[in-house]
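>>> My questions concern the predicted model and sequence given below.
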Amino acid sequence: VPVAAEPAAGPAGHVTLVGGGPGAGELLTVAAVAALRDADVVFYDRLAPHQDLPSLTTAELVDVGKTPGHHKVSQAGIEELMVNAAQAGANVVRLKGGDPYVFGRGGEEVAACVRAGLPVRVISGVTSAVSVPAAAGIPVTHREVSRLFTVVSGHAPLTEDEHRHLTGLGGTIVVLMGIGTLHQLAAGLRRAGMRADMPVAVIERGYQPGQRTTIAALGGITAAAAGCGNPAVLVIGEVVRVAEANRGCDAAAAELDRLAASLVGA
Ligand code: SAH
């Protein structure tokens, strides 16, 4: 179905927002695979597992991906494309990285469909907030180490209040989109009283070739992560030390050796 088609006289199509997981085809859900198989057109993001799409669907594939600061198609433009295609009768899949409702603007896209009177549903995905730390052997909670985790967007610097609240919570802090503001975050958490020896992990390109984990104490993370780039998930908390115990089931053994060495005596 051509994306720019006029609304057909026949029945309208519908829209399915699909969470594609952190980028590994194997972490697509069964529901995601079924939705892709049945789609006429798929609008996908840069962080969605799009390399696998040709083997999963015969749908028309449209790249609406963004790299930070370079919006290929504006959010309004994406919503218009989706709505127009569904009004033309297409079965539309909007494939997003991770989970559609975790910093994915899924709520806005659902609202656009509802405004247009189109049936819409959401298929949850495996969020990078949990799965990318796991790829580095880091559990976001661990008995007697952390009983809560907070997921924060680092897209813009946090406020002093937020630094204070996060430090006061005492659990795991997971930051998405946090590479650009890492130095502000580290400094802010220190000002709020977080210990300089709190371990921090930066996991770049989870589940992708070139996945890399950088671990340092909070006081030294800005220097240690100077060469790190997007996409990356940051984990701040004692759970980073637990990765050490999980080395047997993880590929990040070399980094974990460094962790053990750098945190001894910390
Ligand atoms: N909805 C997505 C998050 C979108 S925000 C989810 O639930 O995962 C985009 C951010 O997600 C990136 O800046 C990065 O912080 C994180 N991210 C997504 N996929 C990633 C991956 N494979 N490796 C590392 N970080 C990833």
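Yep, it's here. Please read all numbers here as calculations on a predicted model, not as lab measurements.
>>> residues contacting whichever residue of the chain sits closest to the ligand?
With Cβ to the nearest ligand atom, the shortest gap between the chain and the ligand falls at residue 98, namely 1.8 Å. C-beta here means a position set from N, CA and C on the backbone, and glycine is covered the same way. For residue 98, the contacting residues are 19, 20, 21, 22, 47, 104, 125, 126, 127, 128, 129, 131, by Cβ atoms under 8 Å, 6 or more residues apart in numbering.
>>> Now do the contacts for residue 14.
Here residue 14 is in contact with 86, 91, 92, 118, 119, 120, 121 (Cβ under 8 Å, 6+ apart).
>>> What's opposite it in the beta bridge?
residue 91 (DSSP bridges).
>>> returning to that earlier point: is it possible to get TSV of the contacts of residue 14 that adds distance to the ligand?
Converted to TSV, these look like this (distance: Cβ to the nearest ligand atom, whole Å):
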residue	distance to the ligand
86	22
91	22
92	19
118	22
119	23
120	17
121	17
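>>> Quick one: buried ones out of those residues?
86, 91, 92, 118, 120 (16 or more other Cβ atoms under 10 Å).
>>> Would you indicate which residues of the biggest helix by length in the chain are buried?
Looking across the chain with DSSP state H, the single longest helix is helix 75-87. Using 16+ other Cβ under 10 Å as the test for burial, helix 75-87 gives 78, 79, 81, 82, 83, 84, 85, 86, 87.
>>> Hmm, which of the contacts of residue 98 is lowest in pLDDT?
Across the contacts of residue 98, the bottom pLDDT score, 85, is held by residue 47.
>>> What residues does that residue make contact with?
20, 22, 23, 65, 96, 97, 98, 128, 231.
>>> Nearest to residue 73 among those?
residue 65 (8.3 Å; Cβ to Cβ).
>>> Ignoring the adjacent residues along the chain, who's closest to the closest one?
residue 46 (3.3 Å; Cβ to Cβ, 6 or more residues apart in numbering).
>>> What about the one you found, how many residues nearby?
By the criterion of other Cβ atoms under 10 Å, residue 46 has 17 neighbours.
>>> if we can go back for a sec, in helices, which of the contacts of residue 47 appear?
Using DSSP H, these in helices are residue 128.
>>> Which members of the contacts of residue 47 occur in strands, if any?
residue 96 (DSSP state E).
>>> re the thing from before, which of the contacts of residue 98 are close to the ligand?
Contacts with the ligand within the contacts of residue 98, counted by Cβ under 6 Å from any ligand atom: 22, 47, 104, 127, 128, 129.
>>> Take these and write them to JSON lines, including distance to residue 213.
Formatted as JSON lines, those follow (distance: Cβ to Cβ, whole Å):
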{"residue": "22", "distance to residue 213": "14"}
{"residue": "47", "distance to residue 213": "18"}
{"residue": "104", "distance to residue 213": "24"}
{"residue": "127", "distance to residue 213": "18"}
{"residue": "128", "distance to residue 213": "14"}
{"residue": "129", "distance to residue 213": "16"}
